[in-house]
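Student: Make a model of this:
(2 chains)
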2 protein chains.
Amino acid sequence: MSVTLHVCITCRAGQTLGEGETPPGARLHAAILEAGAPADVNVVAVECLSACSQGCSVALSAPGRWSYVYGRLSDANAQDVVAGAAAYAAAPDGIVPWRSRPEIFRKQSLARIPPITTLSTVVSEAAE
Amino acid sequence: MSVTLHVCITCRAGQTLGEGETPPGARLHAAILEAGAPADVNVVAVECLSACSQGCSVALSAPGRWSYVYGRLSDANAQDVVAGAAAYAAAPDGIVPWRSRPEIFRKQSLARIPPITTLSTVVSEAAE
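Tutor: Okay, here's the model as predicted:
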């Protein structure tokens, strides 16, 4: 399935930037593009994911799937972000087995949101 | 528009619970139901929003809209959560003017995720 990887390009990751200096978020975005996302991962730049105190951050989402937000990233994590996004795209339901996720995805989750449903039942933690 | 308010009911908010003690997340969920969500806000319990270090947490989402995750909540915030969810449901595009949001939504955002799109353009920060 084609999935979306949103990358915050305005994130300063708590740094004070000099004039003309590229924000860490934009560097992460560039590094992800350079690492090369697979065709079924649509990389979309976004101005702020509202996770500023935990930046840099990215979000993975797709219709009918859990969305995931990860933080405390830098351009050094680009390869792992791409690998994690590719695994999310490849998993039939978007739920990647815990041990198959990159370490940054296991340890640096900021939040996840269940797929939109109209059922008022409890959503179980299968997606962990 | 009908929107979904996910409430993490397993959150311990960093506390050690005694046997049989109700988790703070479940207390928040019960308080939200007691406060009474409007008909266009579908309250859905979820087992973990993966924001454990910032719990208790809730998430607002709807098709075609930005999703928002808020944290550091307790049952004392139930009325404000309901008010914020109602404003999100009532806003034509789900983007509530900054000053019209409850303070907990302005100050306790954990993350937001843009609506799913297939466009590779930069998502602007209109939704702040």
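
Student: Assumed residue A:80 was part of a helix.
Tutor: Yes - according to DSSP: H, G, I helix; E, B strand; the rest coil, residue A:80 belongs to a helix.

Student: what's the burial count for it?
Tutor: Burial of residue A:80 is recorded as 17 neighbouring residues (other CB atoms under 10 Å in any protein chain shown). Just so you know, the C-beta spots here come from the backbone N, C-alpha and C atoms, and that holds for glycine as well.

Student: ok, now the one 5 residues further on?
Tutor: The burial count assigned to residue A:85 is 25, neighbours taken as other CB under 10 Å.

Student: so which helix or strand takes in residue A:83?
Tutor: helix A:78-90 (DSSP states H and E).

Student: So which elements touch the helix or strand just after that helix?
Tutor: Next helix or strand after helix A:78-90 toward the C-terminus (DSSP H and E): helix A:103-107. In terms of contacts (3 or more CB pairs under 8 Å, 6 or more residues apart in numbering or on different chains; DSSP states H and E), helix A:103-107 is packed against strand A:67-70, helix A:78-90.

Student: I'd like the average pLDDT over the helix holding residue A:83.
Tutor: In this model, helix A:78-90 has a mean pLDDT of 97.

Student: Return the set of buried residues in that helix.
Tutor: Buried residues in helix A:78-90, counted by 16 or more other CB atoms under 10 Å in any protein chain shown: A:78, A:80-89.

Student: Which neighbouring elements make contact with that helix?
Tutor: In this structure, helix A:78-90 packs against strand A:3-8, helix A:24-35, strand A:41-46, strand A:58-61, strand A:67-70, helix A:103-107, with contacts taken as 3+ CB pairs under 8 Å, 6+ apart.

Student: Can I get the buried residues of helix A:78-90 in CSV including distance to residue B:100?
Tutor: Output for the buried residues of helix A:78-90, formatted as CSV (distance: CB to CB, whole Å):
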residue, distance to residue B:100
A:78, 38
A:80, 39
A:81, 35
A:82, 39
A:83, 41
A:84, 36
A:85, 35
A:86, 40
A:87, 39
A:88, 34
A:89, 37
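
Student: just those now: which is nearest residue B:49?
Tutor: Nearest to residue B:49 among the buried residues of helix A:78-90 is residue A:88, at 17.4 Å by CB to CB.

Student: which ones are touching the spatially closest residue to that closest one that is not a sequence neighbour?
Tutor: In space, and not counting its chain neighbours, residue A:88 is closest to residue A:60: 5.1 Å by CB to CB, 6 or more residues apart in numbering or on different chains. Counting by CB atoms under 8 Å, 6 or more residues apart in numbering or on different chains, residue A:60 touches A:3-6, A:67-68, A:70, A:84-85, A:88.

Student: For residue B:54, state which of those is nearest.
Tutor: Among those, and counting by CB to CB, the member closest to residue B:54 is residue A:70, at 14.0 Å.

Student: Quick check: that closest one vs residue A:64, distance?
Tutor: With distances taken as CB to CB, to the nearest Å, residue A:70 is found 20 Å from residue A:64.

Student: same thing with residue A:42?
Tutor: Using CB to CB, one obtains 16 Å as the distance from residue A:42 to residue A:64.

Student: which one of these two has more residues nearby?
Tutor: Taking other CB under 10 Å, residue A:42 and residue A:64 do not tie; residue A:42 has more neighbours (19 against 11).

Student: show me where pLDDT drops low in chain A?
Tutor: A:117-128 (pLDDT under 70).

Student: at 90 instead, please
Tutor: Chain A contains residues with pLDDT under 90 at A:1, A:116-128.

Student: ok, and what's touching the helix holding residue A:83?
Tutor: Under the criterion CB under 8 Å, 6+ apart, residues A:1-3, A:5, A:28, A:31-32, A:34-38, A:40-41, A:58, A:60, A:62, A:65, A:68, A:70, A:73, A:94, A:96, A:100-105 lie in contact with helix A:78-90.
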